[in-house]
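Enquirer: Here is a sequence together with a model predicted from it:
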Protein chains: 4
Amino acid sequence: MKIGFIGLGHMGAGMVANLLRAGHDVTVYNRTRARAEPLASKGATIASDISEACRGDAVFTMLANDDAVRRVVFGDKGVLASLSPGAVHISSSTISIALAEDLERAHGNAGQLYISAPVFGRPDVAAAGNLFVVAAGPGAAIGKVSELLDAIGQRTFVVSETPKSANLIKLSGNFLIASVFETLGEAMALVDKAGIDRHGYLEILTSTLFGAPVYKTYGGLVADRKFEPAGFAAPLGHKDIRLVLAAADSLDVPMPVAGLLHDRFLALGAAGGNHLDWSAVGALPARDAGTFVFPQAVSKGVGKP
Amino acid sequence: MKIGFIGLGHMGAGMVANLLRAGHDVTVYNRTRARAEPLASKGATIASDISEACRGDAVFTMLANDDAVRRVVFGDKGVLASLSPGAVHISSSTISIALAEDLERAHGNAGQLYISAPVFGRPDVAAAGNLFVVAAGPGAAIGKVSELLDAIGQRTFVVSETPKSANLIKLSGNFLIASVFETLGEAMALVDKAGIDRHGYLEILTSTLFGAPVYKTYGGLVADRKFEPAGFAAPLGHKDIRLVLAAADSLDVPMPVAGLLHDRFLALGAAGGNHLDWSAVGALPARDAGTFVFPQAVSKGVGKP
Amino acid sequence: MKIGFIGLGHMGAGMVANLLRAGHDVTVYNRTRARAEPLASKGATIASDISEACRGDAVFTMLANDDAVRRVVFGDKGVLASLSPGAVHISSSTISIALAEDLERAHGNAGQLYISAPVFGRPDVAAAGNLFVVAAGPGAAIGKVSELLDAIGQRTFVVSETPKSANLIKLSGNFLIASVFETLGEAMALVDKAGIDRHGYLEILTSTLFGAPVYKTYGGLVADRKFEPAGFAAPLGHKDIRLVLAAADSLDVPMPVAGLLHDRFLALGAAGGNHLDWSAVGALPARDAGTFVFPQAVSKGVGKP
Amino acid sequence: MKIGFIGLGHMGAGMVANLLRAGHDVTVYNRTRARAEPLASKGATIASDISEACRGDAVFTMLANDDAVRRVVFGDKGVLASLSPGAVHISSSTISIALAEDLERAHGNAGQLYISAPVFGRPDVAAAGNLFVVAAGPGAAIGKVSELLDAIGQRTFVVSETPKSANLIKLSGNFLIASVFETLGEAMALVDKAGIDRHGYLEILTSTLFGAPVYKTYGGLVADRKFEPAGFAAPLGHKDIRLVLAAADSLDVPMPVAGLLHDRFLALGAAGGNHLDWSAVGALPARDAGTFVFPQAVSKGVGKP
């Protein structure tokens, strides 16, 4: 299938590699061209502007945030202006519900198809083609591109005819991951202050009721208090919590733990921790318990007592 | 080994059955004798008072709360007065840190041994001998009774020389379980109000990052909104959150999610839900979102507007 | 002084009356002309469009929210396009920090002056000329219009050269008022459930340490549980809490009580209470304690148990 | 009237002085006799044990906490054993609801009268005889001692026939005071980080809607960030919040702000602030915003990064 792919960050590069491996003809575009070049050697065509990446039957966008997606889609010679009627825009970025609604409407008006297909998994998982894909949109559109979704992930969940549903599932999933930082952070602050080894504690949890990747992977980070280098930087996690809160606001759904997480990310930023992995919010309960300080908070001599 | 077992509730009965199956000579005691009788047919001796259950090398207590344990241990002709020097009291009840300290001290003064060995698992797991046992206490004491612990569980985690450490791990584990009710309840209230099927949503979660028993078992209850009959009644869960908060208070560890859960259990009680399973706190976010009411709250016509 | 006034809601009408009384020549504009007419009999000139209200030395805007202010100021033939160089735009609306920044910049670029001058007080206070005015902006601009500010209020607080500072003070003041609904609501839910009369309780508070208008006026509403008709409707209060949270977000200031209030307003909306006075959030603690239900929540039969 | 007074701390000493001034015959007792001596010169008789202070028509107790009251009342030769039938025990200490119930029952069984009469006001107010007294108990008992209550305070509020009601009002009043630390602390952290002067901000608040002693007195402390010497030490305030939470727990009343305050006091303790005034919790929002550190937190080099 002839397709385009816009956005070659850590996630996008891995996804393209798997699309190429599955035999698709992929034209790639990235604002910083240098990130596209390694993919040329794997068979990708490098587009010199967005419109060139929109000449196939489908185009993926995998970008950092709403603003980037808006620029790429609604901008001059953007996706909306360039995509052929009947072609499919597959949006895999983690975006707001409001933007997903705008995209659905705009592409519909232009006679194009639109689906939301955000993914679960870190860059190494994307590189291995083992992402989980959550797809929503008109059945016909999903049907057209299902082989593409299969190429990037180990499993595709088709959840709804309404694209934004997939985005809400992705956002709420990130909320649940961040919730584990908080709750595990509280429990570890408690047992740690009582003299119990954090790693031994985590091993008991993950050997019993909590034997899921979210506890194993992230629990280890919280237990280690090792938040650098960031796999997923705190401001990105914070952005997703804001998007969850925005969705909750528009639907009249009070979410106290989401509110708490928002405050945690603010406190992390105020403590100078925006370069850290988002799991660093799991260290704030220990900070409040007086058993941990963020190194930079000390060295910077924050505060005017 | 000749041992005693005090407390034959849903958990205790299954544990005794496995101790008998492993060939131990078990004398059982329960305040309501009727609960002891089915075990006689499996080979247990029925004690007519607590002291008769304390004549062996070890005695288990598996009781509902601190008060029950205090009565059984410190009462007239209780465990403390009856156990032989060098014999081991194995406390498997979910009790407070403060009581664990008292038990350690009292048994030490009496020349007896004491370990805390709370367990993770529901009654069916206890019956199958598949509990997880978290044990703490002097190495010599644990060594003496390790075959007993092996008989009741699939795995024993020895965590510390200090008995109360095991209790804190158990309590904090229950806090983490209850946290999942809250966070999953918030996420489900959100996606449900957006028109996404709760069960389909849960399937995505548990197929990906959240594939742990705690999400599968309890997530199903929250998705079903089926909280009767109670596997573990809300007031028991609330009691454990109170014990977590008490431990956190004594150690100066702020735990905002534990505080939130405490409020949730109070609200559940105020809504007439104390007969429900503790996972019913996971329905309160939907209550606050206006998409769920507890049936009894309506029928009782609560409120004086 | 020859001035204009745009926005003749409950607050604006009272403010104009006092400006007329002080002898100023006021041209008024309101989208719905009918609201302007009663002021003509008091001496105001009625403008047929926004630009006509911008021909004097200063123009007030007193509108419902950011959107309304943006339309009136930045729209075709709006304030920005119509005001003379050197004339002053006095923004008394409760608006976001971000909009205050935009207004300051835009008027500066146009050679006009801009000050933020939000007010504290309800409509009856505005009618009596007893508002408190919080003003911020360049000293020269404030100096030019100080007699106008004196005409509408009993006292003007000049707080900063930066206009948005006044808006932040107004917003944070509304946060503090709403906080009293919550904290008094919690305290009253408690004493009420213990059998203590809510009004007697309030009298003790306001006779002792809490003898301020915020407790007297709003405390009475919470004690009465009388939230209709709305003096200031819940969605307006909610909007201000959102603006506080937006300011806190941009400054990295965690505000847990503001987050709680946001959730309370969502829960109030979900319970069908958006037509009520904003003090109705003070009844949610009683709702959670099981001693109060919002009448409409029952009659609508909300919920799908 | 011949009376006794037990407990001569900062509050008690001032209360006794006013009882003497009103012409009463007061026998005083304090565990540390030295504190009693200054009162002898004002006409008080010094008792050498508790029972000597219980030989009149009434006896006040004004002690630090539940434990102290239990010792003094239920101990050997304590108030319960010593007071004449028909005499009145006036408990002015800030105690738990549960203890108030116990006292009511015990004195009733002994044929004695019991009232709770906690007070609002700091030591200087007590010295001036300007306390506010909140009294509850049987009408006959209150009638007997009303001239005593009038002697210590500027006004007595008689609230209920049930003594514990007065204690609940006192406790919930302290909750409301502490709530002001939190909410004002959040608002000040916000405006301070935006560059607005904290004292100027407070002046606006207290000149307008927030013109109550609680904002004036405590707001100044929060704005100054001057928490030493402690007028009322943080652990005492924390104790009262715990008693509020205990009352709320027994009545099924969720109180999220009380829960937040509890966490704030824990965080303050963990930061080494237990010697500070309880208003220091109002500095924690600034701590979380990165604009304040408790001096001792730095000098102690807390933390193991």
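Expert: Here it is on my side, so go on. Numbers count the residues shown, from 1 in each chain, chains lettered A, B, ... in the order given.
Enquirer: any low-confidence regions in chain A?
Expert: A:296-305 (pLDDT under 70).
Enquirer: Which segments of it make up each domain?
Expert: With domains defined by automatic domain parsing, chain A comprises A:2-161, A:168-299.
Enquirer: In JSON lines, list the ones you listed along with distance to chain C and mean neighbour count.
Expert: C-beta coordinates here come from the backbone N, C-alpha and C atoms, glycine included. Below are the domains of chain A laid out as JSON lines (distance: least, C-beta to the nearest C-beta, whole Å; neighbours: other C-beta atoms under 10 Å in any protein chain shown):
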{"stretch": "domain A:2-161", "distance to chain C": "15", "mean neighbour count": "20"}
{"stretch": "domain A:168-299", "distance to chain C": "4", "mean neighbour count": "22"}
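Enquirer: ok, the residue of the stretch 101-250 of chain A found nearest chain B to B:Phe292 distance?
Expert: Nearest to chain B, among the residues of the stretch 101-250 of chain A, is A:Ala212, at 3.4 Å (C-beta to the nearest C-beta). According to C-beta to C-beta, to the nearest Å, A:Ala212 stands 26 Å off from B:Phe292.
Enquirer: What ranges does chain A have for its strands?
Expert: Secondary structure of chain A (DSSP state E): strands at A:2-6, A:25-29, A:45-46, A:58-61, A:88-91, A:113-116, A:119-120, A:131-136, A:153-160.
Enquirer: With distance to B:Pro118 added, can I get those in TSV?
Expert: Below are the strands of chain A laid out as TSV (distance: least, C-beta to C-beta, whole Å):
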stretch	distance to B:Pro118
strand A:2-6	53
strand A:25-29	56
strand A:45-46	61
strand A:58-61	50
strand A:88-91	48
strand A:113-116	45
strand A:119-120	34
strand A:131-136	35
strand A:153-160	38
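Enquirer: Which of those strands sits closest to D:Ile50?
Expert: Counting by C-beta to C-beta, D:Ile50 lies closest to strand A:119-120 out of those; the figure is 68.8 Å.
Enquirer: Give the pairing partners of that closest one; include direction for each.
Expert: strand A:131-136 (antiparallel) (DSSP bridges).
Enquirer: Contacts for the partner strand, please.
Expert: Strand A:131-136 is contacted from outside by A:15, A:92, A:115-121, A:125, A:142, A:149, A:152-167, A:169-170, B:204, B:207-208, using C-beta atoms under 8 Å, 6 or more residues apart in numbering or on different chains.
Enquirer: Please name the residues that touch the residue of the stretch 101-250 of chain A closest to chain B.
Expert: When contacts are counted by C-beta under 8 Å, 6+ apart, A:Ala212 touches A:206, B:209-212, B:214-215.
Enquirer: How about A:Ser93?
Expert: Here A:Ser93 is in contact with A:7, A:61-65, A:68-69, A:118 (criterion: C-beta under 8 Å, 6+ apart).
Enquirer: List just the nearest of these to chain D.
Expert: For the contacts of A:Ser93, the nearest to chain D is A:Asn65 (24.3 Å; C-beta to the nearest C-beta).
Enquirer: Quick check: the closest one touching A:Leu99?
Expert: No. With contact defined as C-beta atoms under 8 Å, A:Asn65 does not count as touching A:Leu99 (9.5 Å).
Enquirer: my guess is A:Leu251 meets B:Asp192, correct?
Expert: No. In terms of C-beta under 8 Å, A:Leu251 does not count as a neighbour of B:Asp192; the distance is 9.6 Å.
Enquirer: Please, where are all the helices along chain A?
Expert: For chain A, the helices defined by DSSP state H cover A:10-21, A:37-40, A:66-74, A:79-82, A:97-109, A:123-127, A:139-152, A:163-193, A:198-207, A:213-224, A:234-251, A:256-270, A:284-288, A:295-299.
Enquirer: Just the residues contacting stretch A:56-76, thanks.
Expert: Contacts of stretch A:56-76 (C-beta under 8 Å, 6+ apart): A:1-9, A:11-12, A:15, A:25, A:27, A:50, A:53, A:78-80, A:83, A:87-96, A:99, A:103, A:106, A:144-145, A:148, A:236, A:239.
Enquirer: contacting residues for the residue sitting nearest the centre point of chain A?
Expert: Central residue of chain A (C-alpha atoms, centre = their mean): A:Thr94, 5.0 Å from the mean position. Taking C-beta under 8 Å, 6+ apart, we find A:Thr94 in contact with A:65, A:118, A:167, A:170-171, A:174, A:240, A:243.
Enquirer: I'd like these laid out as TSV, including distance to C:His199.
Expert: Formatted as TSV, these follow (distance: C-beta to C-beta, whole Å):
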residue	distance to C:His199
A:Asn65	52
A:Pro118	54
A:Asn167	49
A:Lys170	50
A:Leu171	45
A:Asn174	47
A:Asp240	46
A:Leu243	44
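Enquirer: For the stretch 1-150 of chain A, what lies in contact range of chain B?
Expert: Within reach of chain B by C-beta under 8 Å from any C-beta of the partner chain, the stretch 1-150 of chain A has these residues: A:97, A:120, A:132, A:134.
Enquirer: do that again at 10 Å, thanks
Expert: A:97, A:120-121, A:131-132, A:134, A:136 (C-beta under 10 Å from any C-beta of the partner chain).
Enquirer: Output those residues in JSON lines, with distance to A:Gly273 appended to each entry.
Expert: Shown next, in JSON lines, are the residues of the stretch 1-150 of chain A next to chain B (distance: C-beta to C-beta, whole Å):
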{"residue": "A:Ile97", "distance to A:Gly273": "28"}
{"residue": "A:Phe120", "distance to A:Gly273": "25"}
{"residue": "A:Gly121", "distance to A:Gly273": "24"}
{"residue": "A:Leu131", "distance to A:Gly273": "28"}
{"residue": "A:Phe132", "distance to A:Gly273": "29"}
{"residue": "A:Val134", "distance to A:Gly273": "30"}
{"residue": "A:Ala136", "distance to A:Gly273": "34"}
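Enquirer: which one of those residues sits closest to D:Leu260?
Expert: Among those, and counting by C-beta to C-beta, the member closest to D:Leu260 is A:Ile97, at 29.6 Å.
Enquirer: Is that closest one in contact with A:Ser250, as I believe?
Expert: Yes. Under the criterion of C-beta atoms under 10 Å, A:Ile97 makes contact with A:Ser250 at 7.1 Å.
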